[in-house]
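K.L.:
Build me a model from this:
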Amino acid sequence: MNLPEEIIYKILPNLPVKSLLRFKCVSKRWRSTISSKEFIKEHLKKSSTHPNCTYHMITMKFKHRYLQGEQTRSYSLPYLLDGPTAVIDHHIPRRENNRCHLRIWGSCDGVALVTSNAADMILLFNVSTTKFNEIPASNPKERYLGDHIVYGLGYDESTDDYKVVCIDDVSNPKSYKTQIYSCKSLSWKKVENFKKGLVPLDDPGKFVSGKLHWLAEAAVEDGGGGGGDLDIVSIDLAEEKYNIVAKPENFSTSIPYQTMLGDLGGYLSLVSYAPMLDTYVWVMKKYGVRESWNKIWTLSDFADPKTYVRGAMPLFLKSNGDILVAFGPCVAVCNGKNKLHESRAAAIDDLFRASVSVQSLVSPFGDKDEGGL
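P.N.:
So this is what the prediction gives:
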C-alpha cells in the first residue's frame, strides 16, 4: 500500500490505539509516523475532543456486595452515556491482593500515576499501550509508617513536560514538603512548601488549567483537622508555586456537609453532600473566576436523599451539559432536571472514587522513551 503521506496523516489520528499499534508493523514509514511526537499530540487532541467520548474510559473503585475488600473495574464511557439500560457489572471483578495495595492517583493524557504500599514504588502507566515507567521515590529512606503523603500528575505545557507532585510531612510533621518529578530531567526537585497551616486531604491532585488542586484543612494545632472549613489549594506546574482558589460564595464545607474536589470534563468541580440530606454539584465554568461557579446538579431533583446515605458522585460532564452521576446502584445521565439514561450496577454497594481517562499514545517515559511506543 502506497498512500500519499497527507492522506495517511488524515486517517490515522482518528483510529483507536490498538489499531495504531498493529499498523506500526505495516512499514517503517508508518511506524515512524505513528511514533512521532507530532502524531501523538494530534491523536491525543482528536481522542480527547471526540464528540461521543468514544476513546474515554472510566475506572471505578467500589465495595462489592458479594466480595470482601475494594474492587476496581473499568468501563467504556460511551457505554454508560448512551448504551441501553443494563447491568454493568456483568461478571464478578477480581479481588485485589490485600497485601499489595495499588493506588491510582489520577491520570493525565492517558498516563496513570500508580503507587504501591508494599514498596516505595511509583509507576507511570499507559493503560492503552501497556507501557509503564517506574520512577524513583522521593527520599524513601526518610519515610516511616504513618507518614502523610499525597500525589498528583499533570502536564506543563510551557516545557512540554509531564510532572509528578509529591507532598509529604516526612521531614517535619508541621510542614508539608513539596517535591516535583520531571519526566524530562528524570529527577526530583524541591519547591516551596505546601501552604502554611494547611493539611492536604488524602486525595489525588485534580489537574485543571495547568494546575494541580487539593482540598486542605487547617492543621490540628491551628484549630483544624476535625471537619472544619476547607480551602482549595493549587500548584501551578509551570511556575511551581502555590495559590488559593476561591470557592463559590456562601459555599459551606462545615459539618454535617462533606466536600469532594473533582475534575468534570476539564472543569474544576465541588461536591457537597450530607447523609440523609442532599447532594450538590458545582463547576467553575471559567477557571479562576469566583463568579463563574455554577450549581449544575442536585440529588433531590431526581430521588429522595434519605435513601442514599453516601449521597451521589458525579463522574463526567459533557460539553453539551449532560452529566453522568452515580447514586446507589444507578449510573444516570442527566441534563438539568431531566434524566436521559440510566444503567444499573446491582452488585455495587458503595462507590469510593472514580476517574476518567482517555486512550492515548503518550509515553510514560516522556522524551526518554525506550524503544519507541
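K.L.:
Quick check on residue 201: phi, psi?
P.N.:
Main-chain dihedrals, residue 201, degrees, to the nearest 10: phi -70, psi 160.
K.L.:
My guess is it contacts residue 215. True?
P.N.:
Yes. At 4.7 Å, residue 201 and residue 215 qualify as touching, with contact defined as C-beta atoms under 8 Å. No exception for glycine: its C-beta is placed from N, CA and C like everyone else's.
K.L.:
the more surrounded of those two?
P.N.:
More crowded of residue 201 and residue 215, by other C-beta atoms under 10 Å: residue 215, with 21 against 16.
K.L.:
Go ahead and confirm that one touches residue 261.
P.N.:
Yes. Using C-beta under 8 Å, residue 215 is in contact with residue 261, at 4.7 Å.
K.L.:
Report the set of residues contacting both of residue 201 and residue 215.
P.N.:
Residues touching both residue 201 and residue 215 (C-beta atoms under 8 Å, 6 or more residues apart in numbering): residue 230.
K.L.:
Next, count neighbours for the residue nearest to residue 169 when sequence neighbours are not counted.
P.N.:
Leaving out its chain neighbours, the residue that sits closest to residue 169 by C-beta to C-beta, 6 or more residues apart in numbering is residue 148, at 4.9 Å. Per other C-beta under 10 Å, the neighbour tally for residue 148 reads 14.
K.L.:
What is the lengthiest helix in the chain packed up against?
P.N.:
Ordering each helix of the chain by length in residues (DSSP state H) puts helix 37-48 first. Applying 3 or more C-beta pairs under 8 Å, 6 or more residues apart in numbering; DSSP states H and E, we find helix 37-48 packed against strand 348-358.
K.L.:
run the last query once more with 10 Å
P.N.:
Under the contact definition 3 or more C-beta pairs under 10 Å, 6 or more residues apart in numbering; DSSP states H and E, helix 37-48 sits against helix 5-11, helix 17-23, helix 28-35, strand 348-358.
K.L.:
Reformat those into CSV and put mean pLDDT and mean neighbour count next to each item.
P.N.:
Output for these, formatted as CSV (pLDDT from 0 to 100; neighbours: other C-beta atoms under 10 Å):
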stretch, mean pLDDT, mean neighbour count
helix 5-11, 81, 11
helix 17-23, 94, 15
helix 28-35, 89, 16
strand 348-358, 69, 18
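K.L.:
hang on, residue 108 packs against residue 161?
P.N.:
No. Taking contacts as C-beta atoms under 10 Å, residue 108 lies outside contact range of residue 161: 11.4 Å.
K.L.:
what touches both of those two?
P.N.:
Here residue 108 and residue 161 have 154, 155 as joint contacts, going by C-beta atoms under 10 Å, 6 or more residues apart in numbering.
K.L.:
So for these two, which sits in the more crowded spot?
P.N.:
More crowded of residue 108 and residue 161, by other C-beta under 10 Å: residue 108, with 22 against 18.
K.L.:
ok, that one - contacts?
P.N.:
For residue 108, the contacting residues are 124, 152-155, 162-164, 205, 207, 212, 357-358, 360, 362, by C-beta under 10 Å, 6+ apart.
K.L.:
So for these, which is the shakiest by pLDDT?
P.N.:
On pLDDT alone, residue 357 ranks lowest of the contacts of residue 108, at 87.
K.L.:
any idea which element the closest residue to that residue other than its chain neighbours lies in?
P.N.:
Counting by C-beta to C-beta, 6+ apart, residue 107 is the residue found nearest to residue 357 once chain neighbours are left out, at 4.2 Å. According to DSSP states H and E, residue 107 maps onto strand 102-108.
K.L.:
Which strands border that strand, and is each parallel or antiparallel?
P.N.:
Using DSSP bridges, strand 102-108 pairs in its sheet with strand 111-116 (antiparallel).
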